[in-house]
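Enquirer: got a sequence here, can you model it:
(2 chains)
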Amino acid sequence: MASRTSIIACVTALLALTACSEEQAAERTAPTGPKSRPATAPFQRELVDLAFDAVSKFPVDNDLNVKNRSRAQETVVDAALDLGLLDRSAAYAEDIVNWRRGVCLANLAAKTLEYDESAKVQDLLEMAGRIAEQVRQDPNEQKWRHDRVVARIARAKLKLGQAEEVARMVQGLEASEMPIVAAARAEVVRADAYDRQLEIVDEICKVGDFEQVRGALLACTRFFDRFYDDEARRGAAEQRVVHGYKKLPVPVRIELISEIVEVALDREDLETAKRLITAADDYKVQAKFRAEDDTPLVARLAGLRGRVGDVEQARKELKEALADFDGALRTIPDMFRARALRPVAEAYQSFGDTEAAHAVFARAIEDGALNPNSRPRAIDLSETCCSMAKAGVEPSAELLRRMTQIRDQLGSPW
Amino acid sequence: MLPRFTNAILAAACGLGIAATASAQQQLVFQNISTSTTWTANNTYNMIDQIYVLPGATLTIEAGTVVASATNVGGSLAVTRGAQINIQGTPDNPVIFTSTADVATWAADGSHPTGGNPKTGSWRAAANEWGNITIMGSGYISENATLGNVPTCSASNTAAMEGLVAGFPGDPNVIYGGGNDDDDSGSISYLTLRYGGRVIGLNNELNGLSLGGIGRGTDIHHLEIMNNVDDGIEIWGGTVNIKYFSIWNIGDDSLDIDQGWRGKGQFGLIVQGYSLPAATQGSGVGDNACEIDGAEDSDWQPVTTTSLYNMTVIGQPVDGDGLTTWRDNARVQYRNCIFMDGGDAVVRFDNVDGDGANGYGHNGTLSWPATWTTAFNGAPAHPNDCPASIYPVQQDGNLAEIKDSVFFGNTDAAAYGEALARGVFNPSNNNVQEPAGSPIAAITRAAPITVGTLTMSQVTFLDPRPANDALTSVGFAPNDGFFSSAKYRGAFAPGNNWLGNWSASRAFGFTPAEVSVDIGNDTTGANGYPVIAYDGTTFSATNGVANGALGLFFGASRFDFPIFGGILVPLPFVSVTIPLDGNGETSFNLTNPGARIFVQGASLDLGAPQSLSFSNALQWN
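Expert: Residues are numbered from 1 along each chain as shown, chains lettered A, B, ... in the order given. Reported below is the predicted structural model:
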C-alpha cells in the first residue's frame, strides 16, 4: 500500500503543475481555452477556506470523529470544485485521512478535465485508484466505499474517452454508485446511439431499482441539455423524466426536475421552465413532510419560480415557508435548522433578493451555532459558508466576524 | 428509585447531570446528555431515569465501562436523531449495561480485590431490572399508524419510538425515520446488555436494543443481549448492518424486525429460553427466534428485504415458538445457518402480525408461495413500489429462501411442514435435514421446568463451534466489505469462539473460555477464507486453498500491518509461510510468546502468488 506520506507528496507535486493560481484565474476576463475556470471573488475563496477550517478542527482521535470529519471535508471539496477552485480542492483533499480522499481526488480529476488541464488528470486518477485498491484490500472497509471511489474514477475516464475501460471497471459496483456513471455516459454518448439509450432508460424504469432509475433519469437530464435544440430528442428526454420519476422519493424527484428546469433557464426558455415547475408542484399532494424537510423543497421550487419571473409568488411561498418553519420550531432540533434555512436563502439570492438572502443566511449562522456541541456547529458553519460562496452572497463584515468567531470557538465537547 | 429531592441536590451540586455518590466511582446519571460526554472505565454509571442523548451530542463510552443502573428503577438510554453513540468495547474489555443486582454477583479476583469482576457472575432468572438502549435515525421506514405517513417510500414517513414518552406533540426526541439511509448514529463494539427491559411511565416493556430507522453509516459488531424481558434486538426500517451478535434467554422474540429493514446480518447466535421464573410467553418467556415482518402493512414500502448469513438458531425443544417466523411480505434469505432444537416450525408462516395488517398477497403483493419462487429482482410492479435502491442487500437467489443450512433436532410434529411446502429441502438448496450428528460441538440443557404454562429447558452450556455437516458449506457470503466469506454453517468458525472472554454467556459459564478471540477482520478468495484458530498450544488452519500456502503475520496490535491500510503503526511484525495440504488445512504447535499478540492469516495461492486472501484474525493474551 502506498503510504499516506507518499500520497501527500504526490498531491503536493500536483499543485505545482497547476497552470495558474485561483487568484490569477479570478482575474481572467476572457476564456483562453476550451473552458476557463470561473472567476471567483475573494470573499468566495475566503468562505470556502473558512468552511474547510471549521470541519478540519474535528479531532482524529477515534474512528467516529474521523468519519464525521472526512464526510464534512468532502462536502467542502465538492463546493470548491463547483466554484472551480481546483488548487484549493487538491489541498483540501490532502488533509482528508480516510477513503473519502480518493473520492475527492477522482472528482478533482473530472473537474480538471472541464478546464482542459489534463496533464495532471492521470496522476490524480492514479492516486485515487491506489486509494480504491487500499479500500478494497482493507478488511475494515465496506465495499460501497471502494465502489464510490471507482465510480468517480469511471466518470473521469469517460470524459477521457476510455469507455471500454470504464465498462470493465464498473462491473459489480453497487447500484447506489451507478447514477453518477450513467450521467457521465449521457454526456459522451454518440448522438446516433441516442434512441438506443432511451430504450435502455425505459427498461431501467420498468425493472430497475431506485438508484438505477435515478441514474437513468439523471442521464435523461443530460440528454435534455445536450439535445436541447433537437425538439424531438429533448421532448423524449423530458418525457422520461416527467413520467419515469413518479415513483422516486420526493426530494429526488425535485432534484431531477430542478435539473432540467435549470437547463431551460440557461437557455432562457421560460415557457418550458414554467411547465416543468408546475409538474414538480404535485409533490405536496403525495406526502406531508415535517417542516424541517418541507422547507427546503418549497424553497427549491420557489427559487426556480422566481427565476422564471414569478418573483412575487416566489417571495410569498418563501415567506410562508419561513412562517411554517417558525411555527414548528419547537419540534425542530437546533442542529436541523440551518440545513432547512440555507435553501431559503439560496432561493432569495437566485432571483436577486440579496438582502433577504443575507438575512436568512445570518439566521442560519446563528441557529447553526446554538448546539452546545462542536460537531453540529462545525458542520453547520461549514455548510453555510459553502452555500453562501456558491450562491455568491458576500457576508457583511459583521457577519464574517461572527462566522470567524464561531469557528474559533470550536473545540471540546465535539 | 432515588427521591426527587436527592436528584435536585445532586444537580445543584454538580450541574452536569452526573454526580458521584459516596462510592467515589459510582456516577448517578439523571439528566439528558446535551453536550458530548465520555463515560470512563474508572467509574460505574447508574442511570436513574430515561436519559436522552440529545441531537448534536455524542456519548462515548470507553472500553471496560460498566453501566449498572439501580434495580427496578428503569434507567434507560435513548440516542435521538442527530445524536451519536460511540461504544468502544474490546475483546478484553467490553462495555456492560446491566443492573446493580447483577453486579452484586460479580466476584473478587486479583484485579478486583473488593469484588466486581465483570468476567464472573451467576446467571439469575431475572430481567426487567433496568431499561434498554434505543437508537433513532433517519433511514426510510414503512410505518402506517402515524397520521400523514404514506405507503410509498417517503422521507416524510416518521414514527414515535415505542417505550418513549413524548414531552409534547411532535417532540423530536422520540421520533425516528426519514430519508437518509446513509445516516450515521455512531459505532458500537463489544457491548453486552443484561437483565433489561423495564420501561418508565408506561405499561409496557422495552427491547434490549431498539433500532429505529438506523442508517448504514452506523457500525455495530460484537453485541450481546442476555435476559431481556421483551425482544432481544428489534429493528424498525433503516439499513443498519449487524455482525457478531448473541441473543440469549429472551422473554419475547429474540430478533424482531419490522417496517422495512434493509440491512445485512452475519454471525448471529440465538438461544431461546426464558428470562423470568414466572412469566408468560412474550413477557419473560421466549417467543419466536427470528420474527421478521415486511412492513407495518404488507403493501407499504419499503418492505424488509435482507440476507442473513451464518446464523446459529437454537430453540426450545418442547414449547419454543418458530425458528423463522414470516409476516407481512418479509423477504429474507437465510444462508449458511444452523437451525436446531426448535419446538415449533422451522418456517412458521404467521402471515399477519395481529395489528391490523393484511399479510402476504394483500392488495396485489406477492403471495406467500410466490415470494419463495420469485427472483430477488423479479417482484412484479406495484403502485406503492419503492424506487428501490432501497434494496441493495439481496444479490441473487429468490426473495425468500433458506439455503446451505443444517436443520437438526427439530422434533415437533409441525417442524418441517411449511418448510417442505416451500421447497426448502429441494436438492439445489443444499440444505441438510436431520443428519445423524449434531452441527455444533456441544450443548447441555437443564432439566425441563414449567415457566408459566410452558415447558422450558435452559441451555446451561454451549460450545457453539461447528461440527459434522456444519464444518463446511457449499457456498458462502460475498466478500463485500461487510459480509465475510465464511465457508461453514452457523455463526462460529471451526476452532474459534467469538464470544471469547467478553460476553455474559462466558461470565455465567454458558460458553467455554477462549485463549484467542476472533476479532472479525476478514476477507476472502474464491475458496472462502481460511479459518485460523489457536488453543494455546496448537495453531490450526482450515478451509484454505488446497495445496496452497498460508502466510501468517504476527504483531502486537491489530493496526500494525501495512496491509491493513487505515492507521499505520510501524510496530515489528513477523511473517511466516506454511504450506497447506490437499484439503487446504494445516496445524502446528506455536509457543505463545507471552505478550499480547495478534495474528492474521493470509491464504497464498501458489498459482497466483500476488493474490492474497486474508483470513479472520485472532487476538489472544
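
Enquirer: and the stretch 1-150 of chain B, which of its residues are near chain A?
Expert: B:34-37, B:54-58, B:60, B:80-82, B:84, B:86, B:88, B:140, B:148, B:150 (Cβ under 8 Å from any Cβ of the partner chain). Every residue, glycine included, has its C-beta placed from N, CA and C.

Enquirer: can you tell me the SS state at the residue in the stretch 451-600 of chain B that chain A sits nearest to?
Expert: Nearest to chain A in the stretch 451-600 of chain B, going by Cβ to the nearest Cβ, is residue B:481, at a distance of 3.5 Å. Here residue B:481 is coil, with the state taken from DSSP: H, G, I helix; E, B strand; the rest coil.

Enquirer: any idea how many residues pack against it?
Expert: 21 (other Cβ atoms under 10 Å in any protein chain shown).

Enquirer: doesn't residue B:485 lie inside a strand?
Expert: No: checked against three-state DSSP, residue B:485 lies outside a strand; its state is coil.

Enquirer: what's around it, how many residues?
Expert: By other Cβ under 10 Å, the residues close to residue B:485 number 23.

Enquirer: equivalent analysis for residue A:412, please.
Expert: When neighbours are counted by other Cβ under 10 Å, residue A:412 comes out with 10.

Enquirer: from the residues of the stretch 1-150 of chain B next to chain A, which would you call buried?
Expert: Neighbour-count burial (16 or more other Cβ atoms under 10 Å in any protein chain shown) is assigned, among these, to B:34-37, B:54-58, B:60, B:80-82, B:84, B:86, B:88, B:140, B:150.

Enquirer: which pLDDT value belongs to the residue positioned nearest the centre of chain B?
Expert: Closest to where the C-alpha atoms of chain B average out (Cα atoms, centre = their mean) is residue B:245, at 2.9 Å. Note on residue B:245: pLDDT of 98.

Enquirer: once you drop chain neighbours, what's closest to it?
Expert: Spatial nearest neighbour of residue B:245, excluding adjacent residues (Cβ to Cβ, 6 or more residues apart in numbering or on different chains): residue B:223 at 4.5 Å.

Enquirer: and the gap between residue A:265 and residue B:122?
Expert: 73 Å (Cβ to Cβ, to the nearest Å).

Enquirer: who has more neighbours out of the two?
Expert: Ranked by neighbour count (other Cβ under 10 Å), residue A:265 and residue B:122 place residue A:265 first, with 17 against 12.

Enquirer: any idea which element the most centrally placed residue in chain A lies in?
Expert: Of all residues in chain A, the one closest to the mean position by Cα atoms, centre = their mean is residue A:78, 5.9 Å from it. Using DSSP states H and E, residue A:78 maps to helix A:63-82.

Enquirer: for residue B:68, same thing?
Expert: Here residue B:68, judged by DSSP H and E, is contained in strand B:66-69.

Enquirer: which residues does stretch B:415-433 contact?
Expert: B:342, B:344-349, B:369, B:372-373, B:400-407, B:410, B:439, B:469, B:473-475 (Cβ atoms under 8 Å, 6 or more residues apart in numbering or on different chains).

Enquirer: mind checking which of these are buried?
Expert: By 16+ other Cβ under 10 Å, those give B:342, B:344-349, B:372, B:400-407, B:410, B:439, B:469, B:473, B:475 as buried.

Enquirer: ok, now which ones touch residue B:478?
Expert: Residue B:478 neighbours (Cβ under 8 Å, 6+ apart): B:395, B:485.

Enquirer: tell me the secondary structure of it, please.
Expert: The three-state assignment at residue B:478 reads coil, by three-state DSSP.

Enquirer: how near is it to residue B:333?
Expert: From residue B:478 to residue B:333 the distance is 12 Å (Cβ to Cβ).

Enquirer: spatially nearest residue to residue 291 (excluding sequence neighbours)?
Expert: By default, I'm working from chain A. Take residue A:291 and drop its neighbours on the chain: the residue closest to it by Cβ to Cβ, 6+ apart is residue A:328, 3.6 Å away.

Enquirer: let's do chain B instead
Expert: residue B:253 (4.1 Å).

Enquirer: residue B:337 against residue B:402, yeah?
Expert: Yes: Residue B:337 is within contact range of residue B:402, at 7.2 Å (criterion: Cβ atoms under 8 Å).

Enquirer: name all residues that make contact with residue B:406.
Expert: Taking Cβ under 8 Å, 6+ apart, one finds B:337, B:338, B:339, B:340, B:431, B:432, B:435, B:439, B:469, B:470, B:489, B:490 in contact with residue B:406.

Enquirer: if you set the cut-off to 10 Å instead, what comes out?
Expert: B:312, B:336-340, B:431-435, B:437-440, B:466-470, B:473, B:489-490 (Cβ atoms under 10 Å, 6 or more residues apart in numbering or on different chains).

Enquirer: what's the pLDDT at the nearest residue to it once chain neighbours are set aside?
Expert: By the measure of Cβ to Cβ, 6+ apart, the closest residue to residue B:406 outside its immediate chain neighbours is residue B:439, 4.2 Å from it. According to the prediction, residue B:439 has pLDDT 98.

Enquirer: contact partners for residue B:439?
Expert: Contacts of residue B:439 (Cβ under 10 Å, 6+ apart): B:312, B:337-340, B:405-409, B:432, B:464, B:466-471, B:488-490.

Enquirer: same deal with residue B:216?
Expert: For residue B:216, the contacting residues are A:142, A:144, A:176, B:137, B:139, B:180-184, B:238-241, B:262-264, B:392, B:482, by Cβ under 10 Å, 6+ apart.

Enquirer: just the ones of these in helices?
Expert: Under the assignment DSSP state H, those contribute residue A:144 to helices.

Enquirer: hmm, which of the contacts of residue B:216 are the buried ones?
Expert: A:142, A:144, A:176, B:137, B:139, B:180-181, B:183-184, B:238-241, B:262-264, B:392, B:482.

Enquirer: what is the helix or strand that contains residue A:302 packed up against?
Expert: Element membership for residue A:302, per DSSP H and E: helix A:291-307. Packing partners of helix A:291-307 (3 or more Cβ pairs under 10 Å, 6 or more residues apart in numbering or on different chains; DSSP states H and E): helix A:250-266, helix A:270-280, helix A:311-327, helix A:338-350.

Enquirer: how is the chain partitioned into domains?
Expert: I'll assume chain A. Domain assignment for chain A, taken from automatic domain parsing, gives A:1-26+A:37-172, A:189-287, A:294-414.

Enquirer: hm, I was asking about chain B
Expert: According to automatic domain parsing, the domains of chain B span B:1-101+B:126-187+B:196-218+B:233-239, B:240-514, B:516-620.

Enquirer: among those domains, which comes closest to residue A:192?
Expert: Among the domains of chain B, domain B:240-514 comes nearest to residue A:192, with 30.3 Å by Cβ to Cβ.

Enquirer: first-to-last residue distance for that closest one?
Expert: 29 Å (Cα to Cα, to the nearest Å).

Enquirer: what about residue 253, neighbour count?
Expert: Let's take chain A. If you count neighbours by other Cβ under 10 Å, residue A:253 ends up with 24.

Enquirer: I was thinking of chain B, sorry if that wasn't clear
Expert: 27.

Enquirer: hang on, isn't it packed against residue B:321?
Expert: Yes: between residue B:253 and residue B:321 there is a contact under Cβ atoms under 10 Å: 8.2 Å.

Enquirer: pull up the overlap in contacts between the two.
Expert: By Cβ under 10 Å, 6+ apart, residue B:253 and residue B:321 have these common neighbours: B:272, B:282, B:286, B:287, B:288, B:289, B:291.
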